[in-house]
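**Q** Pasted the sequence and its predicted model underneath.
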Amino acid sequence: MRTLLALFTGLLVLLTGYWAYQQNYLTRLEVAELEKVQRDLHMLRARKEVLEVEWAYLNRPERLRRLADLNFERLGLLPMSPDHFGDIDRIAYPPRPPLPPSNLDEFESDELDDSELVLAVGLDGEVVDDIATIQPPEQTPDARDGQFP
Amino acid sequence: MSEVETAYPGDEPPLRRPLRPLAAILRARDAGENPDVIEKENLRLRHERMRDDAQTRAESRLLVLGMFFLLAFVTVGLRMGLLATTAPVEPRLSGGSNISSTRADIIDRHGRVLATNLETRALYAHPHEMVDKPAAAKALAEIFPDLKEEEVLAKLNSGRKFTWLRKTLSPEQIQAVHEIGEPGLLFAAREMRVYPNGPLAAHILGGASFGDEGVRAAEVVGVSGVERAFDRHLRDLANQSQPLALSIDMTVQSTMREVLAGGMNMMRAKGASAVIMDVHTGEVMAMVSLPDFDPNDRPPLPTEGDQADSPLFNRAVQGVYELGSVFKIFTIAQALDLGLLTPQTMVNTTQPLLWGKFKIRDFKDYGPQLSATDVIVKSSNTGTARVAQQIGGVRQRAFLESLGFLDPSPIQLFEAPSARPIVPDTWKEIQAMTISYGHGLSTSPVHLAAGYASLLNGGTKVDPTLLRQTGRTLGPRVVSEETSRAARDMLRQVVSRGTASFGEVPGYAVGGKTGTADKPKPRGGYYRDRVLATFASAFPAHDPKYVVIVTLDEGKTQILGKERRTAGWIAVPVAAELIRRAAPLLGIRPEIEPPQTAGVREARRE
């Protein structure tokens, strides 16, 4: 019994020792890894800083103006002036779609042209893939409520 | 006594020997000896034994204690030896510092970088570790054009064990120094301040230089401008991830610098400054003083000559000048506010106005009387001075003080507190009269901008600031809204039919006042041919958004065969071009000015 206990204890010490060493090595590995990551991070940050400075330097207004002058023929950029402001009144409305023909019954569904497609789509607000299924509005009272059968 | 000792020869001493062994006593009695002697002898022996026992026990205890102490001291000694012989190492895990730079960035109101940091290296030498000093000095002089070979060699041969060679190096230069292959040339980590836009906002930013220099790092300290005013804030570790946001708009600043430089060139002025300020918040959107400098390569302070001629001098803040007629509007506005006048009241403008030995004249004779509005429109000195007589010095002083003209500007620049306005010692009637048209009181253009903003924004005090503001705080009231509106009207008429007719910018309804001030001589009196031309304006006049102050120093131009020096010819065209270019950038649409009679629009927007 006594020898068994001693043997067991010895084994336990061995195992614990092994585990402790293992943990020690693992920790060192992690620390090394972390150090590397931090070094990388520092380097990346330094690089980012340099790039930011460079970005600011390349975008300094004086240089941009010079570039705009150099490329005037291609870009036609001018310093902003009051006459660059537009007025909403000066923008024309888009041309209205032609009115749907009054005698839709005479059309076959597959003869619908673009303007009728706009009409059909406009009824329920969704694009319908299968135009052939669309009935002229006069024949489907439901469609007026925005629902296709 | 030997027979007593051998009473039990060969025997182990019993645990306790009897002191009077019977046999020995009997034998002694037989021999007629005293048996007490035997008892004493035995007692002595017993005591001797006890003493020996105690001694051995104490010795063993001492030994154990000694061993313990020895062990402890050996441990301490070993540990000390170990610590003394190993190289010091930083703790390997430093709680993940996110700090990449030692000084916070400075950005403009839209987040564009105005000042940031760059990692670099400084070069130093350990002369005692160097192999070939003359060759190293020669190579260094080749890499750095600003280093002289003899000077470097002298530094290296000075016998010191450490010497700085250069403060900042570019990566190419670092590589070139590496290629010399000299073990005594070493690099120190540095972080340098960079201003990517060069001289764009030089006077606002100021500049930075190195404070305490070490091999591992160097302190970057602000030397002037915002960098110095906010030095503590910028260096605070807690603020490093939060850049300092200024009120400056980089685009406007750049446009203003371009326009002002062009204007200064055209008018052959020796200096110029301009300020654009938000009428309601007091935010300085742009501020330029020319000539300027590159804060990346800040020139040294001039050791001789006038400080005001140095490029380091910020004319907009440090320059306190007698700004001339631009002050007239304050006099008239105060009179309106006090109820002494209405814009239509006729004011006596007979020439000249005599006061003691002083004689006040106008630029030319405008007849015996003008309406209060026309006093401003035609810029009559005599009219304004007579109004000032009515107001009196005490009230005038209090009014100008409420507008901030008598104290250093609160703008957040290091130079601002030292730029104290020059106020007359006595403020009697004659001082009130000259100050009413802008002579005798010297203030900076930034003071003027804040004064105009306070007067025209509806009448509440505005403090100039360089920091981006969120929302608007209403300052104390300085004039009534009525007065503010009347002043805007008058200033608008100065541009539409008065001395500042070149200031008209279609769509922006500029209103402003010209000021042409003779420059004072350093030894008293005024120059006849040197003037400071100022145009103080606000736009749009019916609902002011921004105040624009343009000042040109000693400008002159030849127009229509005459040499012109007045502000109407010098400063106003520059200001008009500035407004034409800057207003769209500030997001203001050109619009048709509401007719004068439609005085229902209110400038104040809560």
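**A** Received the coordinates, thanks. Small disclaimer: the values here were computed from a predicted structure and weren't measured.
**Q** B:Arg109 falls within a strand, correct?
**A** No: secondary structure of B:Arg109 (DSSP: H, G, I helix; E, B strand; the rest coil): coil, not part of a strand.
**Q** Touching, it and B:Thr251? I think so.
**A** No: contact criterion Cβ atoms under 8 Å: B:Arg109 and B:Thr251 do not qualify, at 10.1 Å. To be clear about C-beta, it is placed using only N, CA and C from the backbone, and glycine gets the same treatment.
**Q** now the helix or strand where B:Leu455 lies, how far from the centre of its chain.
**A** If you go by DSSP states H and E, B:Leu455 is part of helix B:445-456. Centre-to-centre, helix B:445-456 and its host chain are 23 Å apart (Cα atoms, centre = their mean, to the nearest Å).
**Q** so where's the chain shaky on pLDDT?
**A** Unless you meant another one, I'm taking chain A. Within chain A, the stretches falling below the threshold (pLDDT under 70) are A:103-149.
**Q** sorry, should have said chain B
**A** Scanning chain B for pLDDT under 70 picks out the ranges B:1-15, B:89-101, B:596-606.
**Q** Pull up the residues of it that are close to chain A.
**A** B:92-93, B:96, B:100-101, B:112-113, B:116-119, B:194, B:196-198, B:200, B:250-251, B:254-255, B:258, B:505-508, B:580-581, B:583-585, B:589-590 (Cβ under 8 Å from any Cβ of the partner chain).
**Q** how about the helices in the stretch 151-300 of chain B?
**A** B:171-180, B:202-205, B:225-229, B:231-235, B:250-266 (DSSP state H, counting those that start in this stretch).
**Q** among these, which is the most enclosed?
**A** Greatest average neighbour count among the helices of the stretch 151-300 of chain B goes to helix B:202-205 (a mean of 28), per mean count of other Cβ atoms under 10 Å in any protein chain shown.
**Q** which residues sit against that one?
**A** Under the contact criterion Cβ atoms under 8 Å, 6 or more residues apart in numbering or on different chains, helix B:202-205 has outside partners B:106, B:114-115, B:195, B:225-227, B:246, B:248, B:287-289, B:292-295, B:314, B:316-317, B:413, B:466.
**Q** could you redo the last one with a cut-off of 7 Å?
**A** Helix B:202-205 is contacted from outside by B:106, B:114-115, B:195, B:225-227, B:248, B:287, B:289, B:292-295, B:314, B:466, using Cβ atoms under 7 Å, 6 or more residues apart in numbering or on different chains.
**Q** I'd like the list of those residues that fall within strands, please.
**A** Those of the contacts of helix B:202-205 mapping onto strands are B:106, B:114-115, B:287, B:289, per DSSP state E.
**Q** can you pull up the bridge partners for the residue nearest to B:Arg298 when sequence neighbours are not counted?
**A** Once flanking residues are discounted, B:Arg298 sits nearest to B:Gly207: 4.2 Å by Cβ to Cβ, 6 or more residues apart in numbering or on different chains. Beta bridges link B:Gly207 to B:Ser224 when assigned by DSSP bridges.
**Q** Quick one: neighbours of B:Asp489, just the number.
**A** Other residues near B:Asp489 come to 17 when the count uses other Cβ atoms under 10 Å in any protein chain shown.
**Q** before we move on, back to that, could you say what helices and strands the helix or strand that comes right after the helix holding B:Leu455 packs with?
**A** The element immediately downstream of helix B:445-456 (helix or strand, assigned by DSSP H and E) is helix B:481-497. Applying 3 or more Cβ pairs under 7 Å, 6 or more residues apart in numbering or on different chains; DSSP states H and E, one finds that helix B:481-497 makes contact with helix B:328-338, helix B:372-378, helix B:445-456, strand B:511-520.
**Q** which parts of chain A sit against chain B?
**A** Residues of chain A lying near chain B by Cβ under 7 Å from any Cβ of the partner chain: A:31, A:34-35, A:45-46, A:49-50, A:52-53, A:56-57, A:60-62, A:79-82, A:84-85.
**Q** Any figure for the gap between B:Arg298 and chain A?
**A** 18 Å (Cβ to the nearest Cβ, to the nearest Å).
**Q** so how many other residues sit close to that residue?
**A** 18.
**Q** And it, its phi and psi?
**A** Backbone torsions for B:Arg298, taken as degrees, to the nearest 10, come to phi -70, psi 130.
**Q** Just the element for residue 52, please.
**A** In the absence of a named chain, chain A is used. Using DSSP H and E, the element containing A:Glu52 is helix A:2-58.
**Q** wrong chain, I was asking about chain B
**A** Short version, using DSSP H and E: B:Asp52 is in helix B:35-85.
**Q** Counting by contacts, list what that helix packs against.
**A** helix B:22-30.
**Q** Okay, buried residues for the helix it packs on please.
**A** B:24-25, B:28 (16 or more other Cβ atoms under 10 Å in any protein chain shown).
**Q** need the contact list for the closest residue to B:Arg361 other than its chain neighbours.
**A** Closest residue to B:Arg361 apart from its sequence neighbours, by Cβ to Cβ, 6+ apart: B:Pro352 at 4.8 Å. Neighbour list for B:Pro352: B:359-361 [criterion: Cβ under 7 Å, 6+ apart].
**Q** With that, I have no additional questions.
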